[in-house]
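Q: Starting from these lines, generate the structure:
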Amino acid sequence: MRGSEANSPRGPEGNLPPCPPWWRARSWRRGCAAALIVTLPIGCDRGDRSRSDERLRSGALARSNVLLITIDTLRADRVGAYGGGTLTPTLDRLAARGVRFTRAHAHVPLTLPAHTSILTGLVPATHGVHNNGASGVAADVPTLASILRDAGYRTGAFVGAFVLDARFGLSRGFDVYDDRVGSETGPVTFAFAERTADRVVQLAGDWILSGRASTSSSPQQPAPSNQPPATSNQQRTTPWFCWIHLFDPHAPYRAPEQRAADPYDNEVAFADAQLGRLIERLRTAGLLESTLIVALADHGESLGDHGESTHGLFAYDSTLRIPLIVAGPSMHPAASDAEAAQSDVLPTVLDLLGIAMPARLDGRSLVPAMRGAAGGERLVYFEALDAYLTRSWAPLTGVVADGWKYIDLPEPELYDLVNDPGELHNRIDHERQRAEVLRTRLSEWPPAASALAAARAVPIDPDAAARLRALGYTAAQGTTSSRKQYTSADDPKRLLDLDRRYERALALTGDRRYAEAAALLQQVIAERPDFTVAYLNLASVFIAGGDPRRAITLLEDAAKRGVTNSELQGRLGAAYLAAGDSRRAAAVLEPIAHANTPGGVEAENTLGIVFTGQRRFDRARHLFGDVLARAPRAATTWSNLGLLELAAGKPGDAARAFERAVDADPQLAQAWQGLGAARLRSNPSGAIDAWRRALELDPRNYDLLFNLAATLHDQQRISEARSYIERFVREAPPERYARDIATLRGWIR
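A: Coordinates of the predicted model:
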């Protein structure tokens, strides 16, 4: 057991804590009495299946409300109903009210592609979304939300991280898609890339109980602001579908409350506790007895298993096995050991509701398994292709069937998941025939390179790229088309040390330890010259460290060796701009600006900066406008537009642009600083307020500190000015600010 699991207090029913008030509703008493049964080890599952409800047929829950709960990065072995101790009483009680699938797997250990499979019923090899940030589901693919909305449901989604932003396509079909992770403040924020579970469940509960649409930041589907509240009769007759996504167990593990000693376990416990708040609200409103609830994880977390610290590189069950619970009115508690997968969620929900299935599905309904029926042969496809797409490493794909897992790599792997759940003993040399059968079945799926064409490319603006990096993800293009054969040297297992050094370099970059980061990245590139994103990050390190000429040399040499794409070209343009060569910057950037590629939007933004510096304001406005048409909440681009208008002598237009920037990202210091400059002549008090906020966010900006002190002094607000003057005199580097220090020191003598 980990952390507090071994020492946590236990309730009167073994692994489960005492039942909360919402458990005492009549139809929940069976589940409470059966709680000990559903938390028994998996070895007892076959006995549990006998309790399955034979009444579960197609349409058995017609017109029921649907609550879909996805918990990011949740290992199955941390859930009490799966043998994980007392961290998750809410999920455990849901399991005691329905069916838990003990052999459920993710199709991919990454957030966006996993959720795309959950909401479309397709595997990544079909829907084409293989990693985070670079692509989204195609517009013609039906989603669970679009199907249910067509069936008369009101639909709402409340997501906890930017990686599921509406731009990636999962908002389609939702009346409300609340992805406002960039417009909230709270005790835990990471570059405004995520928000905590308490905020997500509060918003979701408010939407469910209000019976009306709330404000959505999704530009695709703005919610009507003048819609009157629904009557109680409308709430009873119009079913709803609500999806909530809780990101908390994802690294970094920094829950706002202490519930368990281990940081990861603490995040799991916090997320489960907040989920309990939502369940209680539904019970109080009398909605539990008319609501189908599906709860699952998008993937797990390695936590050091097989040498991986988090997720995304490998596809062992630490990251691939997930909890999957289906709970609903009058269901008997049961456990099923049928092979299950994320693509089964959509067909299972539609089957229970009696709604027609889409023509193309990879998943299948789990309703027969919930009745205890034999499911027949089942093959579950999985992949982990991020390293293939961004580093040119060998593609990792595989299948699970009948308790065996086959991983297709240059050094293939085969595991007996029943007798070796930790996947410690590779059976590839002892089960050649079984491995060959599974390899042949895997080959029936389309190769990843061809499936990429099915996805929709998503333009990534600089803010989006920064938020993805804050979550530990890189939305980058690879150079996969140049590789035909892969050897053991390309197998991720052989490259684990390289992966660790690369991840360490990213952490050092975040801490602004640029020299150390550069040294590690240079090692990585020396060992793997085709490691595309390492070049991208090393160039950024050189630019941030004040040496853009080294970035230029790096990227030009890489291009000569065939390592190039639109992002690397865009970074080369940024390096030329940082080196003061705007002519060369424009020459590099113009061919890729406007392109529908991950680097196209960033190139447009950088080219707009180039043209602003050249006072070609009309060209720059056009470029910034094109970026904002594709990414309306790109805060940095709004801020750049504000700087353009200041340079063009239009402070009113500049203020409006800066206001849009801080609305999109309240922590963008440069936008607050620009807003202060735009307001200075017409609204000095407003300028002071904006500069104070900027200084809170960027306390070492001594130019800003000087301007704030001087403006307060000029406005005769001497007592307020004094603390800023003294701070500037005390902290500003004298080698750069000697004259300013002398001036301000004279004001307070």
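Q: Name the residue closest to the centre of the protein, please.
A: Val163 (3.0 Å; C-alpha atoms, centre = their mean).
Q: how close does that residue get to Leu144?
A: Counting by C-beta to C-beta, to the nearest Å, the gap from Val163 to Leu144 is 19 Å. In short, each C-beta sits where N, CA and C put it, glycine included.
Q: cool, and Leu568?
A: Taking C-beta to C-beta, one finds Leu568 at 37 Å from Leu144.
Q: go on, Arg513?
A: 45 Å.
Q: These two: who's more crowded?
A: Per other C-beta atoms under 10 Å, whichever of Arg513 and Leu144 has more neighbours is Leu144, with 28 against 15.
Q: quick one, domains of this protein?
A: 3-40+59-95+131-263+285-304, 388-453, 459-633 (automatic domain parsing).
Q: rewinding a little: hmm, the residue nearest to the centre of the chain is touching Pro113, no?
A: No: between Val163 and Pro113 there is no contact under C-beta atoms under 8 Å: 10.3 Å.
Q: what residues do those two have in common as contacts?
A: Asn132 (C-beta atoms under 8 Å, 6 or more residues apart in numbering).
Q: Mind jotting down where the strands sit in the protein?
A: 65-71, 98-105, 135-136, 154-158, 176-178, 240-246, 291-297, 324-327, 334-341, 380-384, 396-401, 404-408, 413-416, 456-457 (DSSP state E).
Q: Generate CSV for these, with mean pLDDT as supplementary columns.
A: Shown next, in CSV, are these (pLDDT from 0 to 100):
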stretch, mean pLDDT
strand 65-71, 98
strand 98-105, 97
strand 135-136, 78
strand 154-158, 97
strand 176-178, 94
strand 240-246, 97
strand 291-297, 98
strand 324-327, 98
strand 334-341, 94
strand 380-384, 96
strand 396-401, 96
strand 404-408, 97
strand 413-416, 98
strand 456-457, 53
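Q: circling back: in JSON lines: the domains of the chain, plus distance to Pro323.
A: Formatted as JSON lines, the domains of the chain follow (distance: least, C-beta to C-beta, whole Å):
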{"stretch": "domain 3-40+59-95+131-263+285-304", "distance to Pro323": "5"}
{"stretch": "domain 388-453", "distance to Pro323": "15"}
{"stretch": "domain 459-633", "distance to Pro323": "22"}
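Q: which of those has the lowest average pLDDT?
A: Lowest mean pLDDT within the domains of the chain: domain 3-40+59-95+131-263+285-304, at a mean of 74.
Q: what bridges to Val380?
A: Here Val380 sits in beta bridges with Val400, going by DSSP bridges.
Q: Tell me if I'm right that it and Glu339 touch.
A: Yes: contact criterion C-beta under 8 Å: Val380 and Glu339 qualify, at 5.6 Å.
Q: any shared contact partners between these two?
A: His105, Val400, Ala401.
Q: What distance do you get for Arg149 to Val79?
A: 31 Å.
Q: Which one's more surrounded, those two?
A: Val79 (27 against 17).
Q: Surely the more buried one is in contact with Arg93?
A: No: judged on C-beta under 8 Å, Val79 makes no contact with Arg93 at a distance of 11.5 Å.
Q: Kindly point out which residues are neighbours of both of those two.
A: Counting by C-beta under 8 Å, 6+ apart, nothing touches both Val79 and Arg93.
Q: show me what contacts the nearest residue in space to Arg78 that is not next to it in sequence?
A: Nearest residue to Arg78, sequence neighbours excluded (C-beta to C-beta, 6 or more residues apart in numbering): Gly84, at 4.5 Å. Applying C-beta under 8 Å, 6+ apart, we find Gly84 in contact with Glu5, Arg75, Ala76, Asp77, Arg78.
Q: top of these by neighbour count?
A: Arg78 leads the contacts of Gly84 on contacts (other C-beta under 10 Å) with 31 neighbours.
Q: Okay, buried residues for stretch 265-285 please.
A: 265-276, 278-283 (16 or more other C-beta atoms under 10 Å).
Q: Just the residues you listed: which are in helices?
A: Among those, DSSP state H puts 265-276, 278-283 in helices.
Q: Okay, Pro632 and Arg615: tell me how far apart.
A: 27 Å.
Q: So for these two, which sits in the more crowded spot?
A: Taking neighbours as other C-beta under 10 Å, Pro632 and Arg615 compare with Pro632 leading, 16 against 10.
Q: Distance check, Glu659 against Leu641.
A: 11 Å.
Q: no wait, Pro239
A: Taking C-beta to C-beta, one finds Pro239 at 44 Å from Leu641.
Q: Comparing the two, which residue is more hemmed in?
A: Leu641 (29 against 20).
Q: tell me the contacts of the nearest residue to Phe531 once chain neighbours are set aside?
A: Leaving aside its chain neighbours, Phe531 sits nearest to Arg391 (5.1 Å; criterion: C-beta to C-beta, 6+ apart). By C-beta under 8 Å, 6+ apart, the residues touching Arg391 are Gly478, Arg528, Asp530, Phe531, Thr532, Val533, Ala534.
Q: can you list those residues in TSV and add neighbour count and distance to Tyr702?
A: Listed next are the contacts of Arg391 as TSV, based on neighbours: other C-beta atoms under 10 Å; distance: C-beta to C-beta, whole Å:
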residue	neighbour count	distance to Tyr702
Gly478	24	41
Arg528	18	41
Asp530	20	43
Phe531	26	38
Thr532	24	38
Val533	24	34
Ala534	28	34
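Q: export those to CSV and tack on distance to Ala519?
A: Output for those, formatted as CSV (distance: C-beta to C-beta, whole Å):
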residue, distance to Ala519
Gly478, 24
Arg528, 16
Asp530, 20
Phe531, 15
Thr532, 19
Val533, 17
Ala534, 12
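Q: Just the residues you listed: which are in helices?
A: Per DSSP H, those map to helices at Thr532, Val533, Ala534.
Q: The closest residue to Ala657 other than its chain neighbours and Asp665: what is the separation?
A: In this structure, Ala657 finds its nearest non-sequential neighbour in Gly642, 3.7 Å apart by C-beta to C-beta, 6+ apart. Look at Gly642 and Asp665: by C-beta to C-beta, they are 13 Å apart.
Q: got any residues that touch both of those two?
A: Listed as contacting both Gly642 and Asp665 by C-beta under 8 Å, 6+ apart are Ala671.
Q: mind checking how far the spatially closest residue to Thr319 that is not a sequence neighbour is from Asp491?
A: Distance criterion C-beta to C-beta, 6+ apart; nearest residue to Thr319, sequence neighbours excluded, is Pro109 at 3.9 Å. For Pro109, the distance to Asp491 equals 17 Å [C-beta to C-beta].
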